[in-house]
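**Student:** A predicted structure for the sequence below; I have some questions about it.
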Amino acid sequence: MNHLALGLTVLLIGVSAADAADFKQPLENVITGYIRPATAAFAESAADLPDAVSAVCAESDDARIEAFKDVFSDAVRDFSRIQFLRFGPLLDNDRLSRLSFRPDPRGRAQRQIRKLYASKDTSVLSAQSLAQKSVAVQSLTALELIAFDKDTDVVLGRSGENTDYTCGYALAIAGNVAQIAEATATGWANPDGYSRQLLSAGPENARYRTATEAIEVVYNALATGVTIAKDQDLIPALGKSEDKAKPRRFPFSRSGNSVVYLTGELDGIHDALVSMDLKPLMSPADQWTLDTLGFEFKNAGNYLAALETPLRKSFANTGNYNRVTALSITLSSIQELMVDGVAGALGLAGGFNALDGD
Amino acid sequence: MGLTAISRRGFLTALGGWAAAPAFSGSTLAASLLEKTAGDDARLFASAYKLADGSFGIGLLDDYGQVLARITLPGRGHGIAVSPDRRRFVAFARRPGTFALLVRPFEDREPLVLVAEPGRHFYGHGCYSADGRLLYAVENDFEAVRGVVGVYDVSGELVRRIGEFPTHGIGPHDIALSADGTMLVIANGGIETHPDRAREKLNLETMQPSVVFVDAESGDLVVRHQLDGSLHQLSLRHMALDQKGRAWVGGQYEGAASDAPPLVAVFTQDDVPKLTEIPAHLAGKLENYIGSVAANSTGDVIATSAPRGGHTLFWNAVSGDFLGAQSIPDGCGVAPADQGSFLISDGNGGVSYVLEPGASSEVLSRPPGFAWDNHLVAIS
């Protein structure tokens, strides 16, 4: 009986200690070790977009086309590394929706853009007035739709009846994306902004009463990022079978950046997770879950690295279908490890609808 | 009972000085979409949500899963009762909340506020009478430990509570009106709670859930069904009526986690309840919790979501056969969409389209920062 009581006390101390103090450290780690550098990197690559658009629109020679492709690709890569941070500055002023309108399985952005072209709507020709338009026509996904054709070739700057309109609209998007990226990075860099809210959990904090609540928001965003990668970015493209695959449904496939995007989002989630340094908070018996996660993320990266690109041109008869199928299975086990393994071991609550009684 | 006019002032008092009044606001996407869809028969849906900043509200969505408008709430919402003419709805606070909002989304008018009577709180669900003049809300008479249906006159400019009748059970949760408008079907979850003890369950050993059929006009009990005594810890909570008027009820099991009881049962006025059989490969994966039940537009397919298990199960309403399952993490809200299909909303902001129970679902949208709450309803 005494032993039992003693064991219970130790257990209670363990739980309350983890709750009160320890979760603040991984929050600091992820802010300084991942979120700030990643949002700054995206701001930097997005800032190059307007000049790249202007250059290819002034003269669309091969060098400028390649340069535009590189700049766009870098922006997609750096965006993929932050889009799963669905809390704080990236959500202010609808920033995330205005950076990327996804998923869009029924082609709503395309239809809205066609309407703009039909009426030659001039309100999309400045970043300022574009920011007031429907989110579907403001973002990197919109820029991809107007700057590339369905064969992944750059059409921006190519002479035709809409050249000037497309260039004006593309420049407005580029400026808008650069502004949003800059505002996101600034929001995270500000020590008195959202970072402070995340790090100062307590009775005085209107949003986070405990550090556990704060880390749940961050951690669950990473787990949701994996769900999005699998359910939104892979499964729709895989279709029911190889002959029914729809590689155009991969994110940023029109510009040939699907593998760039998928790699960035998974590496980003993994890097963010590693930056938190959760191992010291876990019992030795549970620490294997983090090691296994690392192994599975590496597997995922290997599948991606083996894909022939661009995906929309190379999906048939290349083994790509099987690799992506294997990747989606790997993501399932990553989901399981993150939710049942790591979150379970740390005592973090998962789903919003998982509470009973309702 | 006195006729109480319910005002915003009373609402704010009840909330202890909550600063902001419920506000109706459109989204950046909405302006263009509302223009675009004006005139055509676009379908609309509504669900309670939580935002990443910790605030709560009700979102109006189109059939692409895009948020057209939202209404702020002072606390977490739950179920939504839609008027028969589909022009109004009432959004209830999650239990043990004491507020509800009557919203007229197609009119330029502020929401009306309902506040629970002293000694009562809402359980999160309600339904309209057939003529749309009355609202029935399930409530907790917590001192007497009994469920009641509060009856509200919603035909005028002010909402008035005009009476109540017992649900003949403890912890009523979902409520539905029969197709002919004469009968109320109420799922008494059986779990005793008290607002002073948060969401603590006070009677798990002795709980007696039931499904009752009550005369909608008189409030008289017509019949009370219970499952076999071995299932007395299966709290009967969420419900949908199929094309034949049978009530499909999803439960939450309060017994041992290692048990794998049936979780979905079918009730009619005259027959003994029938239990459905969850396929073996899913039985251990649902964590014994069904979060929502909905019928498709033709009433021949029933969807039951299990958010903890991350699966939504589909049933043939005629034969009772299991049709298939979709894996959607934290998927809970289910509503009928076009062509017999369903929309499923989840706690990670996703809105998925399910055309065929066996085929893959498709994520239509995932508005950033939104966590969709338990229930999604079709407004129009």
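**Tutor:** Structure received.

**Student:** Flag every buried residue along stretch A:191-211.
**Tutor:** Of the residues in stretch A:191-211, A:194, A:195, A:197, A:198, A:199, A:201, A:205, A:207, A:208, A:211 count as buried by neighbour count, 16 or more other Cβ atoms under 10 Å in any protein chain shown. For every residue, glycine as well, the C-beta is placed using N, CA and C.

**Student:** and the residue of chain A nearest chain B?
**Tutor:** Residue nearest to chain B within chain A: residue A:352 (3.2 Å; Cβ to the nearest Cβ).

**Student:** Residue B:334 versus that residue, what's the distance?
**Tutor:** Using Cβ to Cβ, to the nearest Å, one gets 15 Å for the distance from residue A:352 to residue B:334.

**Student:** These two - which one has more neighbours?
**Tutor:** Between residue A:352 and residue B:334, residue B:334 has the larger neighbour count (other Cβ atoms under 10 Å in any protein chain shown), namely 31 against 22.

**Student:** that's a strand at that one, yeah?
**Tutor:** Yes. Per DSSP: H, G, I helix; E, B strand; the rest coil, residue B:334 lies within a strand segment.

**Student:** Contact partners for the most centrally placed residue in chain A?
**Tutor:** With distances taken as Cα atoms, centre = their mean, residue A:83 lies nearest the centre of chain A, 2.6 Å away. Applying Cβ atoms under 8 Å, 6 or more residues apart in numbering or on different chains to residue A:83 gives the contacts A:90, A:96, A:99, A:100, A:225, A:265.

**Student:** neighbours around the fourth one, how many?
**Tutor:** Meaning residue A:100. Neighbours around residue A:100, by other Cβ under 10 Å: 24.

**Student:** Nearest residue to residue B:318 in space, please, no chain neighbours.
**Tutor:** Ranked by Cβ to Cβ, 6 or more residues apart in numbering or on different chains and with sequence neighbours excluded, the top spatial neighbour of residue B:318 is residue B:300, at 6.0 Å.

**Student:** Could you do residue A:272 as well?
**Tutor:** Nearest residue to residue A:272 in three dimensions, chain neighbours excluded: residue A:34, at 4.4 Å (Cβ to Cβ, 6+ apart).

**Student:** and the one you found, what pLDDT?
**Tutor:** pLDDT, residue A:34: 98.

**Student:** Is it part of a helix or strand, or is it coil?
**Tutor:** Residue A:34 ends up helix, using three-state DSSP.

**Student:** Run a quick neighbour tally on it.
**Tutor:** For residue A:34, using other Cβ under 10 Å, the count is 22.

**Student:** mind listing what it touches?
**Tutor:** A:271, A:272, A:275.

**Student:** give me the low-pLDDT residue ranges for the chain?
**Tutor:** Defaulting to chain A. Residue ranges of chain A with pLDDT under 70: A:1-21, A:355-357.

**Student:** um, chain B though
**Tutor:** Judged by pLDDT under 70, the stretches of chain B that qualify are B:1-41.

**Student:** Wait, a helix at the residue of chain A closest to chain B?
**Tutor:** No. Counting by three-state DSSP, one finds residue A:352 to be coil, located in no helix.

**Student:** The longest helix along chain A: how far from the chain's middle?
**Tutor:** Secondary structure of chain A per DSSP state H: the longest helix is helix A:163-189. Offset of helix A:163-189 from its chain centre (Cα atoms, centre = their mean, to the nearest Å): 17 Å.

**Student:** just checking, what packs against that helix?
**Tutor:** With contacts defined as 3 or more Cβ pairs under 8 Å, 6 or more residues apart in numbering or on different chains; DSSP states H and E, helix A:163-189 has these neighbours: helix A:36-47, helix A:49-58, helix A:95-99, helix A:127-130, helix A:140-147, helix A:194-199.

**Student:** Can you add distance to chain B and give those helices back as CSV?
**Tutor:** Shown next, in CSV, are the helices and strands packed on helix A:163-189 (distance: least, Cβ to the nearest Cβ, whole Å):
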stretch, distance to chain B
helix A:36-47, 15
helix A:49-58, 21
helix A:95-99, 4
helix A:127-130, 11
helix A:140-147, 13
helix A:194-199, 9
